[in-house]
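1. 3D, please:
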Amino acid sequence: MKTASQAGKIAVNSPVHGYFCMRHLQGKPRSQTSLLPPSIEEYVPENHPVRVIDAFVESLDVIEMGFDKARTAATGRRPYHPGDLLKLYIYAYLNQTSSTRRLEKECHRNLEVLWLMKQLAPDFKTIADFRKDNGQAIKRVCRQFVLFCKQAGLVSGHLVAIDGSKFKAAASKDQALTRKQLEKQVGKLEQKIDHYLGQLAASDQQTDTDLNQAKVHDALAYLQSHKAELQDELKALVDNDDTQTCRTEPEARLMKSGREGMVVGYNAQNAVDAEHQLVVHHELTQVGGDNRQLEPMAKASQAVLEDELDTIVADAGYSNGEQLEDIRKAGVNVAAPSNRSVNNQGTGDFFQKSDFTYLPDADAYRCPAGQLLHHKIRNTHQKRHLYVRTGCSQCPLQGQCTT
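-> Residues are numbered from 1 along each chain as shown. Here you go, the predicted model:
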C-alpha cells in the first residue's frame, strides 16, 4: 500500500503531454486569436526614448535642413520620407548600431523600431545611401538638437571641455603611404627597370643567351605601369601640399595614438557642456595633433551656443599661446596648461635651454646644430617669447631637440 504523500508525489511528477506537471508560467497558445488585437501605439510606453526621437524629428523642417529627396517629383517611384530615415539613424546611434543590414532586420522584428517607423522597412542600401548623401544635413540636425537642449535648460555654456579621440579607419596600415615612402618605392622601381634594361642590352650583344626576352619585356611593362601609378600618387600629394595618402580610404590619415602607436584613422574633436555632459560641437579632422584645434573648436562652440560660452578647458595637448590669446580676445575664458612633457626637468639625452645660445644683437637663439631661431611671437600677457626656424624636420639632431 502507498501512502497519501507518495501518491501525491507520483501525481505531480507524472508526464502530461510531454511535460511534467510543475507550477511554471505557461505561454498563450499560438493558435489563439484575440478579439481586439493590440495597436502599434501600445508597443512602447509613454516615457520611452523613441517617443523623444519621434517628437524631435517631427519638429524639424527637413527641406530647410537640406535633406535629399525632401521634395518629391510628380512621377516615378515614391521615396521614403527623409524624416523617417532620420529617426532610424538617430535610433541606431543611440543604440550603438552601425550595421545597415542589422537595421534592416530590426525594422521587421524590433517593436520599438516598428513603432518609430510606423512599420516601414527600408532595405540596407536605402539606409546606407541616406547616411552617405546627407552628411551636411545631419550636421545641421545636430546643431538644431543642441539649440533644442539649450532651450530646455540642458545646456548652459558656462563650462565647456574640449578633447580629441583617435578613431580607427577601416583601411589597413599597409594602404597608408607617406611622400617619402612613395619616393623610395619609385626609386626601387627605377633600379629594377634599369636592371632589366641592362639585361636586354647585354643579350642583344650576345648571340648565344638563355634570356627569355618576352618575359623580360612583360616584367618591364608591369614595372613601368606600376611606376606611373606611384608617380601619379606622388604628384597628387605635391599638388595638394599633403604629406601622406591612404589608397582605400582617401580621407583617413596615419597618426599617433597613445595606446596603439600609429593607426590609420581620424582625430575626432568634441566639445562637451559640463551641465549634463551633452556634446555641444564635434568635428572630424585629419590632423593627428590637437595643438591647432583649440581655436576652431572654441569658435564653433561659441557659434552654436549663440555667444553664450563663458569658459573652455582643455588638456596640455591644446597648448598654443597664439590661439589662447585669440580666444581670450573673443571674450571667452580659457584654461589649458602649458605642454612641458618634453625635457621639463632638463634630464636625459635631450637638449636643455642652456644648450641654446642667445644673441642679443639679432634677438635670436643659436641651436646646437648651429642654426638661428628668430623671434616670431611675443605674448605680453603670459610674458612668453617664441623663437622658431623652418627646416627642423631635416635636422639630424631633431631627435634630441626640445619641442
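2. where does the stretch 301-403 of the chain have low pLDDT?
-> 339-350, 378-383, 393, 396-400, 403 (pLDDT under 70).
3. could you pull out the strands for it?
-> 311-313, 333-335, 357-359, 364-366, 372-379, 384-388 (DSSP state E, counting those that start in this stretch).
4. before we move on, what about the chain?
-> With DSSP state E as the criterion, the chain has strands at 15-16, 19-20, 159-168, 176-178, 244-246, 253-257, 261-273, 279-285, 311-313, 333-335, 357-359, 364-366, 372-379, 384-388.
5. For those strands, could you give me CSV that also reports mean neighbour count and distance to residue 64?
-> Just so you know, the C-beta spots here come from the backbone N, C-alpha and C atoms, and that holds for glycine as well. Formatted as CSV, the strands of the chain follow (neighbours: other CB atoms under 10 Å; distance: least, CB to CB, whole Å):
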stretch, mean neighbour count, distance to residue 64
strand 15-16, 8, 65
strand 19-20, 10, 61
strand 159-168, 18, 27
strand 176-178, 19, 39
strand 244-246, 20, 35
strand 253-257, 18, 34
strand 261-273, 19, 24
strand 279-285, 18, 20
strand 311-313, 18, 30
strand 333-335, 15, 34
strand 357-359, 11, 59
strand 364-366, 18, 55
strand 372-379, 13, 43
strand 384-388, 13, 45
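6. Of all those strands, which one comes closest to residue 135?
-> Closest to residue 135 of the strands of the chain, according to CB to CB: strand 279-285, at 10.1 Å.
7. That closest one pairs with which strands, and in what direction?
-> Applying DSSP bridges, strand 279-285 is found paired with strand 261-273 (antiparallel).
8. angle of the strand it pairs with against strand 253-257?
-> Per axes from the mean of the first three to the mean of the last three CA atoms, to 10 degrees, the angle that strand 261-273 makes with strand 253-257 is 80 degrees.
9. need the helices for the protein, in chain order.
-> 4-13, 49-58, 62-65, 82-94, 100-109, 111-117, 124-133, 135-151, 179-205, 213-239, 294-304, 321-329 (DSSP state H).
10. Turn those helices into JSON lines, including mean neighbour count.
-> Shown next, in JSON lines, are these (neighbours: other CB atoms under 10 Å):
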{"stretch": "helix 4-13", "mean neighbour count": "10"}
{"stretch": "helix 49-58", "mean neighbour count": "16"}
{"stretch": "helix 62-65", "mean neighbour count": "16"}
{"stretch": "helix 82-94", "mean neighbour count": "20"}
{"stretch": "helix 100-109", "mean neighbour count": "16"}
{"stretch": "helix 111-117", "mean neighbour count": "20"}
{"stretch": "helix 124-133", "mean neighbour count": "16"}
{"stretch": "helix 135-151", "mean neighbour count": "16"}
{"stretch": "helix 179-205", "mean neighbour count": "13"}
{"stretch": "helix 213-239", "mean neighbour count": "13"}
{"stretch": "helix 294-304", "mean neighbour count": "20"}
{"stretch": "helix 321-329", "mean neighbour count": "17"}
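11. Dump those helices to a markdown table, plus distance to residue 335.
-> Output for those, formatted as a markdown table (distance: least, CB to CB, whole Å):
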| stretch | distance to residue 335 |
| --- | --- |
| helix 4-13 | 72 |
| helix 49-58 | 33 |
| helix 62-65 | 35 |
| helix 82-94 | 31 |
| helix 100-109 | 41 |
| helix 111-117 | 42 |
| helix 124-133 | 37 |
| helix 135-151 | 22 |
| helix 179-205 | 37 |
| helix 213-239 | 38 |
| helix 294-304 | 11 |
| helix 321-329 | 9 |
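12. between these, which one is nearest to residue 355?
-> Closest of those to residue 355 is helix 321-329, at 22.3 Å (criterion: CB to CB).
13. tell me how far the closest one is from the chain's mean position?
-> Distance, stretch centre to chain centre, for helix 321-329: 27 Å (CA atoms, centre = their mean, to the nearest Å).
14. so it versus strand 384-388, what angle?
-> Going by the same axes, to 10 degrees, helix 321-329 makes 140 degrees with strand 384-388.
15. Measure how helix 321-329 sits relative to helix 294-304, angle-wise.
-> Using the same axes, to 10 degrees: helix 321-329 against helix 294-304 is 20 degrees.
16. Show me what helix 321-329 is packed against.
-> Where contact means 3 or more CB pairs under 8 Å, 6 or more residues apart in numbering; DSSP states H and E, helix 321-329 is packed against helix 294-304, strand 333-335, strand 372-379.
17. on that earlier part again, any idea which of the strands of the chain gets closest to residue 325?
-> strand 372-379 (6.1 Å).
18. Just the C-alphas of stretch 84-94, formatted as PDB.
-> Output in PDB follows, covering the C-alpha atoms of stretch 84-94 (Å, rounded to 0.1, in the frame of the first residue of the first chain):
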ATOM      1  CA  ASP A  84      11.500  58.600 -41.200                       C
ATOM      2  CA  LEU A  85      15.000  57.600 -42.200                       C
ATOM      3  CA  LEU A  86      16.500  60.200 -39.800                       C
ATOM      4  CA  LYS A  87      14.500  58.700 -36.900                       C
ATOM      5  CA  LEU A  88      16.000  55.300 -37.700                       C
ATOM      6  CA  TYR A  89      19.500  56.900 -38.000                       C
ATOM      7  CA  ILE A  90      19.200  58.600 -34.600                       C
ATOM      8  CA  TYR A  91      17.800  55.400 -33.000                       C
ATOM      9  CA  ALA A  92      20.800  53.400 -34.400                       C
ATOM     10  CA  TYR A  93      23.200  56.000 -33.000                       C
ATOM     11  CA  LEU A  94      21.600  55.800 -29.500                       C
END
